[in-house]
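> Following is a predicted model, sequence given first.
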Amino acid sequence: MRHIYIFFFLILIISCSDTTKTTVTPKDYLDEVLKIVEEHSLNRDSVDWKEIKKLESTTLKYAQTLEDCYPFVKLILKALKDHHSFFMTKEQAEKWQSANKTADIKEIITFHTKLLNQNIGYIHMKGFGNVDSVAMQQYADSLQNAIKAIDNEHLNGWILDLRENTGGNCWPMLAGLGPLLGNGICGYFLDNNQKESSWFYREGESGIDSKAIVKVSKRPYHLINDLNPIAILTGHRTASSGEVVVIAFHNKGNARSFGELTRGLSTGNVPYILSDGSMIVLTHSIDADRERNIFGAKIEPDEIIKFSYQSIGQPNDLVIKKAMDWINRKIKNAI
């Protein structure tokens, strides 16, 4: 279950249970799963469906309960080879949903900010997995406030450190980073039918197409100088929604990335609740940047710099040093 905390690109939980049925049989359950995967999986065309149907028949010979079908469901998701889809039992799904109803501010704030050399704003942002509406707004509010607190007229630029961002929920991250992103479309999701959905930041709101998902509670902050260079730091722990944030800055004129390749989960997932309360989280789209360059795998930074995770934020952090050098050079050349 290592991906539980890195999948919510889309705040959408789809219930697939049929309330007209009083009893759901193993066959009903497997048909339900197969229908979802065949219709919505990004990699549906890569699966040998004849072989899957044979395995389904074999499973149904021995399945007495819905739980007996779980290994088959996991096998289907593994066969998709998207490395992002996964399964949760009813108990695991309920535990996750229950955890997201809490909005403890200490658990919400998964970032910290500071000034480097008094002239570069530094944001270290870890993953954020909560989908509670209050928690999302608190996170976005807190991040914009933190950016405002260190922004000043003498600032040379910004460093956004995503090396420990394992993902979760991209919308509060994008809303909180809005002052750095600026208004407009910052990326796209492309589904298995090549249908395009844009994701945006606009005046305190982040969302998909025209639908706002997270909005700051007060007047959104605008940078004193929105042309300042922005360095994006990445590593192999940068995953899923963390990669969404990386892509949001990709091909932005004043941004450049440093570090190592990301994990390679630059795809979008949607969770589907099944008849017994269990859940499949299915990869249904691929990420693209603001210029529609498609990803879907590991994202390579503009400058590859090897580092150890123990060095993050330490005096020997070469990635931060390279990012600071680039920012100061950009400012010097602009004078």
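Great, that's in hand. Numbers count the residues shown, from 1 in each chain.
> quick one, strands of this protein?
14-15, 86-88, 111-116, 120-125, 157-161, 184-191, 196-202, 205-208, 211-215, 230-234, 255-259, 267-273, 279-288, 303-304 (DSSP state E).
> What strands flank the second one, and is each parallel or antiparallel?
In this case it means strand 86-88. strand 279-288 (antiparallel) (DSSP bridges).
> then the strand it pairs with to PDB, C-alphas only?
Presented in PDB, the C-alpha positions along strand 279-288 are these (Å, rounded to 0.1, in the frame of the first residue of the first chain):
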ATOM      1  CA  MET A 279     -11.800   0.700  -3.800                       C
ATOM      2  CA  ILE A 280      -9.600   0.700  -6.900                       C
ATOM      3  CA  VAL A 281      -7.500   3.700  -7.700                       C
ATOM      4  CA  LEU A 282      -7.100   3.700 -11.400                       C
ATOM      5  CA  THR A 283      -4.700   5.600 -13.600                       C
ATOM      6  CA  HIS A 284      -6.900   7.100 -16.300                       C
ATOM      7  CA  SER A 285      -4.800  10.100 -17.700                       C
ATOM      8  CA  ILE A 286      -1.400  11.200 -18.500                       C
ATOM      9  CA  ASP A 287       0.100  14.600 -17.500                       C
ATOM     10  CA  ALA A 288       1.200  17.300 -20.000                       C
END
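> So what's the gap between it and the chain middle?
The chain centroid and the centroid of strand 279-288 are separated by 11 Å under CA atoms, centre = their mean, to the nearest Å.
> Over to stretch 303-322?
Per CA atoms, centre = their mean, the centroid offset for stretch 303-322 relative to its chain is 23 Å.
> re earlier: out of the strands of the chain, which is closest to H222?
strand 196-202 (11.9 Å; CB to CB). Quick note: C-beta positions are derived from backbone N, CA and C, even for glycine.
> what's the angle from that closest one to strand 211-215?
Here strand 196-202 runs at an angle of 40 degrees relative to strand 211-215 (axes from the mean of the first three to the mean of the last three CA atoms, to 10 degrees).
> Other residues contacting strand 196-202?
Outside strand 196-202, the residues that touch it by CB atoms under 8 Å, 6 or more residues apart in numbering are 170, 174-175, 177-178, 181-191, 206-209, 244, 248, 285.
> Looking at the strands of the chain, which is nearest to Q64?
Once the strands of the chain are compared by CB to CB, strand 86-88 is nearest, at 19.3 Å.
> Counting neighbours, which bits of that closest one end up buried?
Applying a neighbour-count criterion of 16 or more other CB atoms under 10 Å, one finds F86, F87, M88 buried in strand 86-88.
> Kindly provide the whole-number mean pLDDT of that strand.
What strand 86-88 shows for mean pLDDT is 96.
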